[in-house]
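In: requesting a structural model of the entry that follows:
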Amino acid sequence: MLLVLAAGILLGLYLTGRIWTPDEDAEPPVRIYSLGEFITNLSGDAGHRFIRVRIDVEVVGHRAQRELDEKRSVIRNRILAVLRSCHYEEVEDDVGMELLAERLEKGINTVLDATTVTRVLVVEMVIQ
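Out: The predicted structure is shown next:
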């Protein structure tokens, strides 16, 4: 009888969300998500150069996947705008790629509310 009563109390607490819920004060998880591949023309050179990149982001937030999925189109639009504004000379070396990653991070973070991008990873890149 005592066991049934304890099970009922635990079930009630679980269903009302009073136990086994994520602690809001706990460190949010850090995860890496792929945003996919992007292809666009670079600025200048009369549109004769293009960039193709595959981008992953390191994010912090309890609801990161949900927010990234909900705002995927806006995030992709922001990334393409940053890429289109680049000139070949700006992204042809490692320093330029680091600056591009920082610009992408800032651009993506302006779109997000509960999630923070801590790092942009350019995992594949072709410039022609």
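
In: now the helices for the protein?
Out: With DSSP state H as the criterion, the chain has helices at 2-16, 64-70, 72-84, 88-91, 94-109.

In: right, and P28 touches V60 too?
Out: Yes - using C-beta atoms under 8 Å, P28 makes contact with V60 at a distance of 5.0 Å. Bear in mind the C-beta positions are built from the backbone N, C-alpha and C, glycine included.

In: now the helices of the chain as TSV including mean neighbour count and mean pLDDT?
Out: Listed next are these as TSV, based on neighbours: other C-beta atoms under 10 Å; pLDDT from 0 to 100:
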stretch	mean neighbour count	mean pLDDT
helix 2-16	10	61
helix 64-70	16	91
helix 72-84	16	96
helix 88-91	16	92
helix 94-109	16	95
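
In: dump those into JSON lines; add distance to I51 as well.
Out: As requested, those are arranged in JSON lines below (distance: least, C-beta to C-beta, whole Å):
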{"stretch": "helix 2-16", "distance to I51": "50"}
{"stretch": "helix 64-70", "distance to I51": "22"}
{"stretch": "helix 72-84", "distance to I51": "6"}
{"stretch": "helix 88-91", "distance to I51": "7"}
{"stretch": "helix 94-109", "distance to I51": "9"}
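
In: what's opposite the residue most central in space within the chain in the beta bridge?
Out: When the chain is reduced to its mean C-alpha position, the nearest residue by C-alpha atoms, centre = their mean turns out to be V57, at 4.5 Å. In this entry, V57 is beta-bridged to Y33, V120, by DSSP bridges.

In: tell me how far it lies from E89.
Out: Taking C-beta to C-beta, to the nearest Å as the measure, V57 and E89 are separated by 26 Å.

In: quick one: residues contacting S85.
Out: The neighbours of S85, taking C-beta atoms under 8 Å, 6 or more residues apart in numbering as the test, are S43.

In: my guess is R78 contacts K106. True?
Out: No - counting by C-beta under 8 Å, R78 stays clear of K106, with 9.7 Å between them.

In: between those two, which contacts overlap?
Out: The contact lists of R78 and K106 share no entry, where a contact means C-beta under 8 Å, 6+ apart.

In: no further queries at this time; thank you.
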